[in-house]
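Participant: coords please:
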Amino acid sequence: METTVYLAERVWTLDAARPRAQALAVRDGRLLAVGTRDEVTSAAGSGARLVDLGAATVVPGLVDAHAHIHGLGKSLTTVRLEKSRSVDEVIRRLSEAPASSFQGDWLLGRGWDQHDWPGGAFPGRQELDARFPKTPVFLTRVDHHAAWVNGEALRRAGISRDTPDPAGGRILKDAHGEPTGVLVDNAMDVVAEVMPPPSREQLEARLRAALTRCAQVGLTGVHDAGMELDAFRLLQQWDAAGTLPLRVYAMAAGQGEERHTYLDQGPWQGRMLAMRSVKFLSDGALGSRGAALHEDYCDEPGQRGLLLLPPEELASRAHAFMARGFQVCIHAIGDRANTLVLDVLLSASEATGTRALRHRVEHAQILRVEDIHRLGAAGLVASVQPTHATSDMRWADARLGDERLKGAYAWRGLRDAGARLALGSDFPIENPDVLAGLYAARTRQDASGWPEAGWRPEERLTAHEALEGFTTGPAWASFDEARRGRLVAGLDADFVALSEDPLEGPASALVKARVIATVVAGAEVYRAPTPD
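Facilitator: Model prediction:
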(Lines give C-alpha, C1' and ligand atoms only; values in the text may rest on other atoms or scores of the structure.)
Protein backbone atom coordinates (compact mmCIF):
# COMPACT_ATOMS: atom_id res chain seq x y z
CA MET A 1 0.00 0.00 0.00
CA GLU A 2 1.48 3.38 -1.01
CA THR A 3 2.28 5.85 1.75
CA THR A 4 1.85 9.58 1.15
CA VAL A 5 3.51 12.28 3.23
CA TYR A 6 1.91 15.74 3.33
CA LEU A 7 4.13 18.67 4.32
CA ALA A 8 2.74 22.04 5.37
CA GLU A 9 3.81 25.20 7.15
CA ARG A 10 1.67 24.16 10.10
CA VAL A 11 -0.66 21.31 11.03
CA TRP A 12 -3.20 21.92 13.80
CA THR A 13 -4.01 18.51 15.24
CA LEU A 14 -6.52 19.41 18.01
CA ASP A 15 -4.65 16.77 20.00
CA ALA A 16 -3.89 18.20 23.45
CA ALA A 17 -0.75 16.07 23.73
CA ARG A 18 0.73 17.54 20.56
CA PRO A 19 -1.37 20.40 19.14
CA ARG A 20 0.99 21.46 16.35
CA ALA A 21 2.92 19.54 13.71
CA GLN A 22 4.56 20.02 10.31
CA ALA A 23 3.70 16.83 8.47
CA LEU A 24 1.52 13.77 8.39
CA ALA A 25 1.77 10.40 6.67
CA VAL A 26 -1.19 8.54 5.21
CA ARG A 27 -1.47 4.83 4.47
CA ASP A 28 -4.54 2.73 3.74
CA GLY A 29 -6.93 5.55 4.66
CA ARG A 30 -5.44 6.14 8.11
CA LEU A 31 -2.87 8.47 9.60
CA LEU A 32 0.41 6.58 9.92
CA ALA A 33 2.32 9.38 11.63
CA VAL A 34 1.90 13.04 12.65
CA GLY A 35 4.82 15.19 13.77
CA THR A 36 7.88 17.01 12.48
CA ARG A 37 9.01 16.55 8.89
CA ASP A 38 11.89 14.35 9.95
CA GLU A 39 9.72 12.18 12.20
CA VAL A 40 7.03 11.67 9.61
CA THR A 41 9.31 11.02 6.62
CA SER A 42 11.28 8.54 8.70
CA ALA A 43 8.12 6.69 9.73
CA ALA A 44 6.85 6.68 6.14
CA GLY A 45 9.96 5.12 4.68
CA SER A 46 12.03 5.88 1.59
CA GLY A 47 9.39 4.96 -0.97
CA ALA A 48 6.73 7.41 0.24
CA ARG A 49 5.14 9.92 -2.11
CA LEU A 50 5.72 13.51 -0.98
CA VAL A 51 3.10 16.26 -1.31
CA ASP A 52 4.39 19.68 -0.30
CA LEU A 53 1.51 22.03 0.50
CA GLY A 54 3.84 24.96 0.97
CA ALA A 55 2.51 27.73 3.22
CA ALA A 56 -0.84 26.01 3.78
CA THR A 57 -2.37 25.28 7.16
CA VAL A 58 -3.75 21.77 7.63
CA VAL A 59 -6.64 21.12 10.02
CA PRO A 60 -8.71 18.03 10.81
CA GLY A 61 -11.52 17.24 8.40
CA LEU A 62 -14.25 19.88 8.53
CA VAL A 63 -17.79 18.54 8.96
CA ASP A 64 -21.09 20.36 8.52
CA ALA A 65 -23.26 19.09 11.38
CA HIS A 66 -26.60 20.15 9.88
CA ALA A 67 -27.22 20.33 6.15
CA HIS A 68 -29.32 18.97 3.29
CA ILE A 69 -27.42 17.30 0.46
CA HIS A 70 -30.36 16.80 -1.89
CA GLY A 71 -31.53 20.33 -1.14
CA LEU A 72 -28.13 21.71 -2.10
CA GLY A 73 -28.12 19.69 -5.29
CA LYS A 74 -31.58 20.97 -6.17
CA SER A 75 -30.49 24.56 -5.51
CA LEU A 76 -27.48 24.11 -7.79
CA THR A 77 -29.57 22.71 -10.66
CA THR A 78 -32.82 24.72 -10.50
CA VAL A 79 -33.50 28.48 -10.62
CA ARG A 80 -31.46 30.25 -7.96
CA LEU A 81 -33.26 33.18 -6.38
CA GLU A 82 -30.77 34.15 -3.67
CA LYS A 83 -30.06 37.87 -3.48
CA SER A 84 -32.86 38.74 -5.90
CA ARG A 85 -33.78 42.35 -5.20
CA SER A 86 -37.36 42.45 -6.46
CA VAL A 87 -40.24 40.34 -7.68
CA ASP A 88 -39.43 41.52 -11.21
CA GLU A 89 -35.93 40.10 -10.90
CA VAL A 90 -37.39 36.77 -9.78
CA ILE A 91 -39.63 36.69 -12.86
CA ARG A 92 -36.65 37.46 -15.09
CA ARG A 93 -34.60 34.62 -13.60
CA LEU A 94 -37.51 32.22 -13.97
CA SER A 95 -37.90 33.23 -17.61
CA GLU A 96 -34.29 32.14 -18.20
CA ALA A 97 -34.66 28.81 -16.36
CA PRO A 98 -32.48 25.93 -17.60
CA ALA A 99 -34.13 22.62 -18.44
CA SER A 100 -32.84 21.12 -15.17
CA SER A 101 -35.20 23.49 -13.31
CA PHE A 102 -38.23 21.44 -14.36
CA GLN A 103 -39.49 18.44 -12.41
CA GLY A 104 -41.98 16.98 -14.81
CA ASP A 105 -43.67 20.12 -16.12
CA TRP A 106 -43.27 21.98 -12.81
CA LEU A 107 -40.86 24.92 -12.70
CA LEU A 108 -38.80 24.93 -9.49
CA GLY A 109 -36.66 27.56 -7.81
CA ARG A 110 -35.45 28.42 -4.34
CA GLY A 111 -33.82 31.09 -2.23
CA TRP A 112 -36.19 34.08 -2.35
CA ASP A 113 -36.30 36.30 0.71
CA GLN A 114 -38.86 39.07 0.94
CA HIS A 115 -36.59 41.00 3.32
CA ASP A 116 -34.38 41.76 0.31
CA TRP A 117 -37.22 43.44 -1.61
CA PRO A 118 -38.69 46.94 -1.35
CA GLY A 119 -41.25 46.95 1.45
CA GLY A 120 -40.25 43.51 2.75
CA ALA A 121 -43.75 42.04 2.28
CA PHE A 122 -44.57 38.50 1.16
CA PRO A 123 -45.16 38.26 -2.62
CA GLY A 124 -48.42 37.36 -4.37
CA ARG A 125 -49.27 35.00 -7.18
CA GLN A 126 -50.37 37.65 -9.70
CA GLU A 127 -46.89 38.29 -11.14
CA LEU A 128 -46.28 34.55 -11.52
CA ASP A 129 -49.69 34.04 -13.13
CA ALA A 130 -49.04 36.79 -15.67
CA ARG A 131 -45.82 35.14 -16.89
CA PHE A 132 -46.68 31.46 -16.29
CA PRO A 133 -50.45 31.03 -16.66
CA LYS A 134 -50.34 27.28 -17.47
CA THR A 135 -47.00 26.11 -16.03
CA PRO A 136 -47.13 25.23 -12.31
CA VAL A 137 -44.45 27.14 -10.38
CA PHE A 138 -43.11 26.19 -6.93
CA LEU A 139 -40.53 28.51 -5.37
CA THR A 140 -39.11 27.67 -1.96
CA ARG A 141 -38.21 30.49 0.41
CA VAL A 142 -34.60 30.74 1.58
CA ASP A 143 -35.47 29.03 4.90
CA HIS A 144 -37.38 26.16 3.20
CA HIS A 145 -40.33 26.89 5.50
CA ALA A 146 -42.48 28.76 2.99
CA ALA A 147 -43.25 28.44 -0.71
CA TRP A 148 -44.48 30.92 -3.30
CA VAL A 149 -46.64 29.30 -5.97
CA ASN A 150 -48.82 30.41 -8.86
CA GLY A 151 -52.48 29.85 -9.61
CA GLU A 152 -51.87 26.73 -11.71
CA ALA A 153 -50.03 25.07 -8.81
CA LEU A 154 -52.88 25.97 -6.44
CA ARG A 155 -55.41 24.61 -8.95
CA ARG A 156 -53.62 21.27 -9.29
CA ALA A 157 -53.44 20.96 -5.50
CA GLY A 158 -57.12 21.84 -5.11
CA ILE A 159 -56.45 24.89 -2.95
CA SER A 160 -59.14 27.58 -3.08
CA ARG A 161 -60.60 30.28 -0.87
CA ASP A 162 -62.54 27.53 0.93
CA THR A 163 -59.46 25.44 1.81
CA PRO A 164 -58.73 25.60 5.55
CA ASP A 165 -55.21 25.82 6.95
CA PRO A 166 -53.75 22.36 7.50
CA ALA A 167 -52.50 21.50 10.97
CA GLY A 168 -49.09 23.11 11.41
CA GLY A 169 -49.40 25.26 8.28
CA ARG A 170 -50.81 28.52 6.93
CA ILE A 171 -52.35 29.28 3.53
CA LEU A 172 -51.97 33.04 3.34
CA LYS A 173 -55.07 34.78 1.99
CA ASP A 174 -55.79 38.34 0.89
CA ALA A 175 -58.44 40.72 2.17
CA HIS A 176 -61.00 39.01 -0.08
CA GLY A 177 -60.18 35.54 1.23
CA GLU A 178 -58.32 34.39 -1.89
CA PRO A 179 -55.04 32.44 -1.54
CA THR A 180 -52.10 34.79 -2.15
CA GLY A 181 -49.79 32.01 -3.36
CA VAL A 182 -47.66 31.91 -0.17
CA LEU A 183 -47.80 28.69 1.83
CA VAL A 184 -46.09 28.35 5.20
CA ASP A 185 -44.70 25.10 6.66
CA ASN A 186 -47.15 22.16 6.45
CA ALA A 187 -49.27 24.02 3.89
CA MET A 188 -46.38 23.56 1.45
CA ASP A 189 -46.97 19.81 1.54
CA VAL A 190 -50.48 20.19 0.10
CA VAL A 191 -48.91 21.35 -3.17
CA ALA A 192 -45.69 19.32 -2.98
CA GLU A 193 -47.69 16.09 -2.75
CA VAL A 194 -49.14 16.57 -6.25
CA MET A 195 -45.76 17.28 -7.87
CA PRO A 196 -44.10 14.44 -9.80
CA PRO A 197 -40.99 13.05 -8.08
CA PRO A 198 -37.55 13.71 -9.56
CA SER A 199 -36.36 11.15 -12.09
CA ARG A 200 -33.52 8.83 -11.18
CA GLU A 201 -31.24 10.84 -13.47
CA GLN A 202 -32.25 14.11 -11.80
CA LEU A 203 -31.63 12.71 -8.34
CA GLU A 204 -28.21 11.40 -9.32
CA ALA A 205 -27.25 14.72 -10.90
CA ARG A 206 -28.37 16.67 -7.84
CA LEU A 207 -26.52 14.48 -5.34
CA ARG A 208 -23.32 14.48 -7.39
CA ALA A 209 -23.44 18.27 -7.79
CA ALA A 210 -23.92 18.71 -4.06
CA LEU A 211 -21.12 16.33 -3.03
CA THR A 212 -18.73 17.97 -5.49
CA ARG A 213 -19.56 21.38 -4.06
CA CYS A 214 -19.02 20.14 -0.51
CA ALA A 215 -15.55 18.87 -1.34
CA GLN A 216 -14.67 22.18 -3.00
CA VAL A 217 -15.49 24.17 0.14
CA GLY A 218 -13.44 21.90 2.40
CA LEU A 219 -16.04 19.55 3.84
CA THR A 220 -14.95 15.98 4.50
CA GLY A 221 -18.32 15.04 5.96
CA VAL A 222 -21.94 16.14 6.26
CA HIS A 223 -24.67 15.37 8.77
CA ASP A 224 -27.73 15.27 6.53
CA ALA A 225 -30.71 16.55 8.51
CA GLY A 226 -33.63 14.46 7.28
CA MET A 227 -32.77 12.30 4.28
CA GLU A 228 -35.48 11.10 1.91
CA LEU A 229 -35.57 7.35 1.31
CA ASP A 230 -34.78 7.50 -2.43
CA ALA A 231 -31.66 9.60 -1.79
CA PHE A 232 -30.56 7.27 1.00
CA ARG A 233 -30.96 4.18 -1.17
CA LEU A 234 -28.89 5.79 -3.93
CA LEU A 235 -26.12 6.76 -1.51
CA GLN A 236 -26.16 3.22 -0.15
CA GLN A 237 -25.44 1.96 -3.68
CA TRP A 238 -22.60 4.44 -4.14
CA ASP A 239 -21.15 3.52 -0.74
CA ALA A 240 -21.22 -0.19 -1.59
CA ALA A 241 -19.52 0.54 -4.92
CA GLY A 242 -16.83 2.68 -3.24
CA THR A 243 -17.82 5.83 -5.14
CA LEU A 244 -19.23 7.94 -2.30
CA PRO A 245 -16.56 10.65 -1.93
CA LEU A 246 -17.49 12.15 1.46
CA ARG A 247 -18.68 10.81 4.78
CA VAL A 248 -22.42 11.20 5.24
CA TYR A 249 -24.07 10.84 8.63
CA ALA A 250 -27.71 10.65 7.61
CA MET A 251 -30.70 11.42 9.81
CA ALA A 252 -33.80 9.52 8.73
CA ALA A 253 -36.64 11.76 7.57
CA GLY A 254 -39.01 11.34 10.49
CA GLN A 255 -41.75 13.75 9.48
CA GLY A 256 -43.57 11.75 6.80
CA GLU A 257 -44.63 8.20 6.05
CA GLU A 258 -41.10 7.08 5.13
CA ARG A 259 -40.33 7.03 8.84
CA HIS A 260 -42.01 3.62 9.11
CA THR A 261 -39.50 2.12 6.67
CA TYR A 262 -36.59 3.60 8.60
CA LEU A 263 -38.03 2.39 11.90
CA ASP A 264 -38.40 -1.12 10.52
CA GLN A 265 -34.85 -1.04 9.11
CA GLY A 266 -33.24 0.23 12.31
CA PRO A 267 -29.83 1.93 12.55
CA TRP A 268 -27.52 1.19 9.61
CA GLN A 269 -23.76 1.51 9.11
CA GLY A 270 -21.80 1.36 5.85
CA ARG A 271 -18.27 2.45 4.98
CA MET A 272 -18.77 6.17 4.26
CA LEU A 273 -22.50 6.31 4.99
CA ALA A 274 -24.28 5.82 8.29
CA MET A 275 -27.83 6.22 9.49
CA ARG A 276 -28.32 5.88 13.22
CA SER A 277 -30.35 9.03 13.87
CA VAL A 278 -33.73 10.49 12.97
CA LYS A 279 -34.82 14.09 12.38
CA PHE A 280 -38.15 15.62 13.39
CA LEU A 281 -39.36 19.20 13.01
CA SER A 282 -41.19 20.80 15.91
CA ASP A 283 -41.79 24.24 14.39
CA GLY A 284 -41.11 26.49 11.41
CA ALA A 285 -38.57 29.26 10.83
CA LEU A 286 -38.22 32.80 12.12
CA GLY A 287 -38.09 34.48 8.69
CA SER A 288 -41.53 33.18 7.71
CA ARG A 289 -42.91 33.64 11.25
CA GLY A 290 -43.41 29.93 11.65
CA ALA A 291 -41.04 29.57 14.61
CA ALA A 292 -43.18 28.74 17.65
CA LEU A 293 -42.91 31.40 20.35
CA HIS A 294 -44.24 31.61 23.91
CA GLU A 295 -45.44 35.17 23.22
CA ASP A 296 -46.57 37.06 20.10
CA TYR A 297 -44.20 38.15 17.37
CA CYS A 298 -43.29 41.78 17.95
CA ASP A 299 -43.97 42.59 14.29
CA GLU A 300 -47.19 40.55 13.98
CA PRO A 301 -49.37 40.74 17.10
CA GLY A 302 -51.57 37.68 17.48
CA GLN A 303 -49.16 35.38 15.67
CA ARG A 304 -47.01 32.96 17.71
CA GLY A 305 -45.83 30.60 14.97
CA LEU A 306 -46.60 26.96 14.27
CA LEU A 307 -46.06 23.57 15.83
CA LEU A 308 -45.59 21.16 12.92
CA LEU A 309 -46.45 18.08 14.97
CA PRO A 310 -48.83 17.92 17.94
CA PRO A 311 -46.73 17.62 21.13
CA GLU A 312 -48.11 14.18 21.94
CA GLU A 313 -47.27 12.93 18.41
CA LEU A 314 -43.74 14.32 18.62
CA ALA A 315 -43.27 12.57 21.96
CA SER A 316 -44.64 9.29 20.60
CA ARG A 317 -42.34 9.32 17.57
CA ALA A 318 -39.29 10.24 19.67
CA HIS A 319 -40.02 7.41 22.10
CA ALA A 320 -40.45 4.87 19.29
CA PHE A 321 -37.17 5.74 17.57
CA MET A 322 -35.21 5.91 20.82
CA ALA A 323 -36.50 2.48 21.75
CA ARG A 324 -35.27 1.23 18.35
CA GLY A 325 -31.76 2.56 19.08
CA PHE A 326 -31.85 5.83 17.12
CA GLN A 327 -30.35 9.10 18.20
CA VAL A 328 -33.21 11.62 18.06
CA CYS A 329 -32.56 15.04 16.53
CA ILE A 330 -35.34 17.64 16.67
CA HIS A 331 -35.52 20.96 14.82
CA ALA A 332 -36.41 23.77 17.25
CA ILE A 333 -36.22 27.46 16.33
CA GLY A 334 -38.64 29.36 18.59
CA ASP A 335 -38.49 29.48 22.37
CA ARG A 336 -41.79 27.61 22.74
CA ALA A 337 -40.52 24.89 20.41
CA ASN A 338 -37.26 24.61 22.33
CA THR A 339 -39.12 24.23 25.62
CA LEU A 340 -41.26 21.50 24.08
CA VAL A 341 -38.30 19.70 22.51
CA LEU A 342 -36.38 19.68 25.78
CA ASP A 343 -39.43 18.27 27.55
CA VAL A 344 -39.75 15.55 24.91
CA LEU A 345 -36.08 14.59 24.74
CA LEU A 346 -35.57 14.50 28.49
CA SER A 347 -38.76 12.56 29.18
CA ALA A 348 -38.37 10.06 26.33
CA SER A 349 -34.68 9.41 26.97
CA GLU A 350 -35.41 8.74 30.64
CA ALA A 351 -38.31 6.43 29.78
CA THR A 352 -36.24 4.48 27.25
CA GLY A 353 -32.91 4.65 29.09
CA THR A 354 -31.21 6.14 26.04
CA ARG A 355 -29.45 9.26 27.31
CA ALA A 356 -26.21 7.72 25.99
CA LEU A 357 -27.57 8.11 22.44
CA ARG A 358 -26.54 11.79 22.51
CA HIS A 359 -29.86 13.26 21.46
CA ARG A 360 -29.72 16.59 19.67
CA VAL A 361 -31.54 19.90 19.43
CA GLU A 362 -31.17 21.07 15.85
CA HIS A 363 -30.78 24.88 15.64
CA ALA A 364 -31.46 25.63 19.35
CA GLN A 365 -31.96 29.13 18.03
CA ILE A 366 -34.18 31.05 20.47
CA LEU A 367 -34.34 29.82 24.05
CA ARG A 368 -35.45 31.14 27.38
CA VAL A 369 -32.45 31.49 29.67
CA GLU A 370 -33.74 28.72 31.92
CA ASP A 371 -33.95 26.38 28.92
CA ILE A 372 -30.34 27.12 27.98
CA HIS A 373 -29.38 25.82 31.41
CA ARG A 374 -31.69 22.80 31.08
CA LEU A 375 -30.17 21.87 27.72
CA GLY A 376 -26.66 22.24 29.05
CA ALA A 377 -27.28 20.36 32.29
CA ALA A 378 -28.61 17.41 30.30
CA GLY A 379 -25.47 17.37 28.12
CA LEU A 380 -27.52 17.40 24.94
CA VAL A 381 -26.00 18.31 21.59
CA ALA A 382 -26.77 21.87 20.47
CA SER A 383 -26.47 21.70 16.69
CA VAL A 384 -26.22 25.39 15.74
CA GLN A 385 -25.44 27.33 12.57
CA PRO A 386 -23.25 30.47 12.92
CA THR A 387 -24.24 32.02 9.60
CA HIS A 388 -27.92 31.93 10.58
CA ALA A 389 -27.13 34.64 13.12
CA THR A 390 -25.31 36.84 10.64
CA SER A 391 -28.10 36.39 8.10
CA ASP A 392 -30.87 37.15 10.59
CA MET A 393 -29.26 39.89 12.67
CA ARG A 394 -30.61 42.80 10.60
CA TRP A 395 -34.25 41.90 11.31
CA ALA A 396 -34.29 39.49 14.27
CA ASP A 397 -34.85 42.31 16.78
CA ALA A 398 -38.03 43.39 14.95
CA ARG A 399 -39.34 39.84 15.23
CA LEU A 400 -38.31 39.13 18.82
CA GLY A 401 -37.55 42.31 20.78
CA ASP A 402 -34.63 42.87 23.14
CA GLU A 403 -35.75 40.56 25.94
CA ARG A 404 -36.02 37.41 23.80
CA LEU A 405 -32.73 38.18 22.08
CA LYS A 406 -30.97 37.41 25.37
CA GLY A 407 -31.45 33.73 24.62
CA ALA A 408 -31.17 33.86 20.82
CA TYR A 409 -28.23 32.45 18.83
CA ALA A 410 -26.57 31.98 22.22
CA TRP A 411 -23.57 29.82 21.35
CA ARG A 412 -21.41 30.98 24.26
CA GLY A 413 -24.29 30.59 26.70
CA LEU A 414 -25.05 27.08 25.47
CA ARG A 415 -21.43 26.01 25.60
CA ASP A 416 -20.85 27.45 29.05
CA ALA A 417 -24.02 25.74 30.30
CA GLY A 418 -22.57 22.35 29.32
CA ALA A 419 -24.10 21.70 25.90
CA ARG A 420 -22.03 19.95 23.25
CA LEU A 421 -21.74 22.32 20.28
CA ALA A 422 -21.78 20.91 16.75
CA LEU A 423 -21.61 23.64 14.10
CA GLY A 424 -23.08 23.61 10.61
CA SER A 425 -24.59 25.79 7.92
CA ASP A 426 -28.04 24.31 7.18
CA PHE A 427 -27.14 24.50 3.49
CA PRO A 428 -28.72 25.28 1.07
CA ILE A 429 -30.51 27.73 3.38
CA GLU A 430 -27.06 29.19 3.93
CA ASN A 431 -23.98 28.85 1.74
CA PRO A 432 -22.08 25.57 2.34
CA ASP A 433 -18.81 27.52 2.70
CA VAL A 434 -17.45 26.26 6.02
CA LEU A 435 -14.90 29.09 6.20
CA ALA A 436 -17.81 31.54 6.35
CA GLY A 437 -19.10 29.55 9.32
CA LEU A 438 -15.75 29.75 11.11
CA TYR A 439 -15.69 33.51 10.49
CA ALA A 440 -19.26 34.08 11.71
CA ALA A 441 -18.70 31.99 14.84
CA ARG A 442 -15.70 34.12 15.82
CA THR A 443 -16.96 37.57 14.82
CA ARG A 444 -20.77 37.58 14.61
CA GLN A 445 -20.26 40.00 11.71
CA ASP A 446 -21.09 39.91 8.02
CA ALA A 447 -18.33 39.71 5.42
CA SER A 448 -17.97 43.51 5.38
CA GLY A 449 -17.26 43.58 9.12
CA TRP A 450 -20.66 44.88 10.22
CA PRO A 451 -21.51 45.56 12.96
CA GLU A 452 -18.14 46.82 14.08
CA ALA A 453 -18.17 45.11 17.49
CA GLY A 454 -20.18 42.10 16.33
CA TRP A 455 -23.87 41.40 16.90
CA ARG A 456 -24.36 40.42 20.54
CA PRO A 457 -20.58 39.87 20.76
CA GLU A 458 -20.81 38.24 24.18
CA GLU A 459 -21.96 35.09 22.36
CA ARG A 460 -18.89 34.79 20.12
CA LEU A 461 -16.69 31.70 20.15
CA THR A 462 -12.91 31.70 20.23
CA ALA A 463 -10.95 30.58 17.19
CA HIS A 464 -10.20 27.25 18.85
CA GLU A 465 -13.82 26.71 19.89
CA ALA A 466 -15.04 27.53 16.39
CA LEU A 467 -12.66 25.01 14.82
CA GLU A 468 -13.70 22.38 17.37
CA GLY A 469 -17.31 23.10 16.42
CA PHE A 470 -16.65 21.88 12.86
CA THR A 471 -14.34 18.99 13.84
CA THR A 472 -14.46 17.41 17.29
CA GLY A 473 -18.03 18.61 17.87
CA PRO A 474 -19.59 16.82 14.88
CA ALA A 475 -17.37 13.79 15.56
CA TRP A 476 -18.81 13.47 19.06
CA ALA A 477 -22.35 14.17 17.86
CA SER A 478 -22.06 11.25 15.38
CA PHE A 479 -20.27 8.84 17.77
CA ASP A 480 -17.03 9.11 15.78
CA GLU A 481 -14.74 10.81 18.31
CA ALA A 482 -12.48 7.74 18.52
CA ARG A 483 -11.88 7.82 14.75
CA ARG A 484 -12.14 11.43 13.58
CA GLY A 485 -12.05 15.07 14.61
CA ARG A 486 -8.31 15.15 15.44
CA LEU A 487 -5.09 14.41 13.58
CA VAL A 488 -3.50 11.57 15.52
CA ALA A 489 -1.72 8.45 14.27
CA GLY A 490 -4.21 5.62 13.85
CA LEU A 491 -7.23 7.84 13.17
CA ASP A 492 -8.91 8.25 9.80
CA ALA A 493 -6.96 10.39 7.33
CA ASP A 494 -9.55 13.17 6.93
CA PHE A 495 -8.05 16.65 6.71
CA VAL A 496 -8.21 19.95 4.87
CA ALA A 497 -5.47 22.31 3.69
CA LEU A 498 -6.30 26.03 3.85
CA SER A 499 -4.61 29.14 2.53
CA GLU A 500 -5.08 30.90 5.88
CA ASP A 501 -4.54 29.86 9.48
CA PRO A 502 -7.95 29.60 11.20
CA LEU A 503 -6.42 29.54 14.69
CA GLU A 504 -3.64 32.11 14.82
CA GLY A 505 -4.56 34.20 11.77
CA PRO A 506 -6.99 37.15 11.94
CA ALA A 507 -10.64 36.25 11.57
CA SER A 508 -10.96 38.74 8.71
CA ALA A 509 -8.57 36.61 6.62
CA LEU A 510 -11.17 33.83 6.52
CA VAL A 511 -13.42 35.94 4.29
CA LYS A 512 -11.07 35.50 1.33
CA ALA A 513 -9.38 32.25 2.39
CA ARG A 514 -9.21 29.35 -0.07
CA VAL A 515 -9.43 25.61 0.29
CA ILE A 516 -6.29 24.10 -1.20
CA ALA A 517 -7.07 20.42 -0.74
CA THR A 518 -9.73 18.19 0.81
CA VAL A 519 -8.69 14.67 1.80
CA VAL A 520 -11.12 11.96 2.92
CA ALA A 521 -9.92 8.53 4.04
CA GLY A 522 -6.55 9.38 2.54
CA ALA A 523 -7.95 10.20 -0.91
CA GLU A 524 -7.82 13.71 -2.38
CA VAL A 525 -11.41 14.50 -3.28
CA TYR A 526 -10.56 18.10 -4.18
CA ARG A 527 -7.39 19.99 -5.14
CA ALA A 528 -7.57 23.68 -5.97
CA PRO A 529 -6.33 24.67 -9.43
CA THR A 530 -2.82 26.07 -9.48
CA PRO A 531 -2.95 29.88 -9.80
CA ASP A 532 -1.64 31.24 -13.10
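Participant: residues in contact with residue 337?
Facilitator: 282, 283, 291, 292, 305, 307, 331 (C-beta atoms under 8 Å, 6 or more residues apart in numbering). Backbone N, C-alpha and C define where each C-beta goes, glycine included.
Participant: can you add pLDDT, secondary structure and neighbour count and give these back as CSV?
Facilitator: Converted to CSV, the contacts of residue 337 look like this (pLDDT from 0 to 100; DSSP: H, G, I helix; E, B strand; the rest coil; neighbours: other C-beta atoms under 10 Å):
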residue, pLDDT, secondary structure, neighbour count
282, 98, coil, 28
283, 97, strand, 30
291, 97, coil, 30
292, 98, coil, 24
305, 96, coil, 27
307, 97, strand, 23
331, 98, strand, 27
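Participant: closest to residue 40 among the residues you listed?
Facilitator: Nearest to residue 40 among the contacts of residue 337, counting by C-beta to C-beta, is residue 331 at 43.1 Å.
Participant: from what I can see the closest one touches residue 285, true?
Facilitator: No - using C-beta atoms under 8 Å, residue 331 is not in contact with residue 285; the gap is 9.2 Å.
Participant: returning to that earlier point: farthest pair in the contacts of residue 337?
Facilitator: 305 and 331 (12.7 Å).
Participant: what ranges does the stretch 251-400 of the chain have for its helices?
Facilitator: 259-265, 311-323, 335-352, 369-377, 386-392, 396-405 (DSSP state H, counting those that start in this stretch).
Participant: what do you get for the stretch 51-200 of the chain?
Facilitator: 69-77, 87-95, 126-131, 151-157, 186-192, 200-216.
Participant: which one of the contacts of residue 337 is nearest residue 103?
Facilitator: residue 331 (24.6 Å).
Participant: contact partners for that closest one?
Facilitator: With C-beta under 8 Å, 6+ apart, residue 331 has these contacts: 225, 279, 280, 281, 282, 283, 337, 362, 363.
Participant: same deal with residue 345?
Facilitator: Here residue 345 is in contact with 318, 328, 330, 359, 361, 378, 380 (C-beta under 8 Å, 6+ apart).
Participant: just to revisit the earlier point, what touches both of residue 305 and residue 331?
Facilitator: What both residue 305 and residue 331 touch, as defined by C-beta under 8 Å, 6+ apart, is the set 283, 337.
Participant: what about residue 261, how many neighbours?
Facilitator: 13 (other C-beta atoms under 10 Å).
Participant: any idea how far it lies from residue 354?
Facilitator: 21 Å (C-beta to C-beta, to the nearest Å).
Participant: next: residue 29.
Facilitator: For residue 29, the distance to residue 354 - C-beta to C-beta - is 31 Å.
Participant: and the two? which has more neighbours close in?
Facilitator: Between residue 29 and residue 354, counting by other C-beta under 10 Å, residue 354 is the more crowded of the two (22 against 14).
Participant: wait, residue 397 sits on residue 405?
Facilitator: Yes - judged on C-beta under 8 Å, residue 397 makes contact with residue 405 at a distance of 6.3 Å.
Participant: ok so, going back, dump the contacts of residue 337 to JSON lines, plus distance to residue 522.
Facilitator: JSON lines is the format used below for the contacts of residue 337 (distance: C-beta to C-beta, whole Å):
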{"residue": "282", "distance to residue 522": "40"}
{"residue": "283", "distance to residue 522": "42"}
{"residue": "291", "distance to residue 522": "42"}
{"residue": "292", "distance to residue 522": "45"}
{"residue": "305", "distance to residue 522": "46"}
{"residue": "307", "distance to residue 522": "46"}
{"residue": "331", "distance to residue 522": "34"}
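Participant: for those residues, which one is nearest residue 349?
Facilitator: Looking across the contacts of residue 337 and measuring by C-beta to C-beta, the closest to residue 349 is residue 282, at 15.9 Å.
Participant: which residue packs closest to the closest one, ignoring adjacent ones?
Facilitator: Leaving aside its chain neighbours, residue 282 sits nearest to residue 337 (4.4 Å; criterion: C-beta to C-beta, 6 or more residues apart in numbering).
Participant: what of residue 2?
Facilitator: Leaving aside its chain neighbours, residue 2 sits nearest to residue 49 (6.2 Å; criterion: C-beta to C-beta, 6+ apart).
Participant: beta partners for that neighbour?
Facilitator: With DSSP bridges applied, residue 49 shows beta-bridge pairing to residue 4.
Participant: count the neighbours of it for me.
Facilitator: Counted with other C-beta under 10 Å, residue 49 comes out at 12.
Participant: OK, contacts around it?
Facilitator: Contacts of residue 49 by C-beta under 8 Å, 6+ apart are 2, 3, 4, 5.
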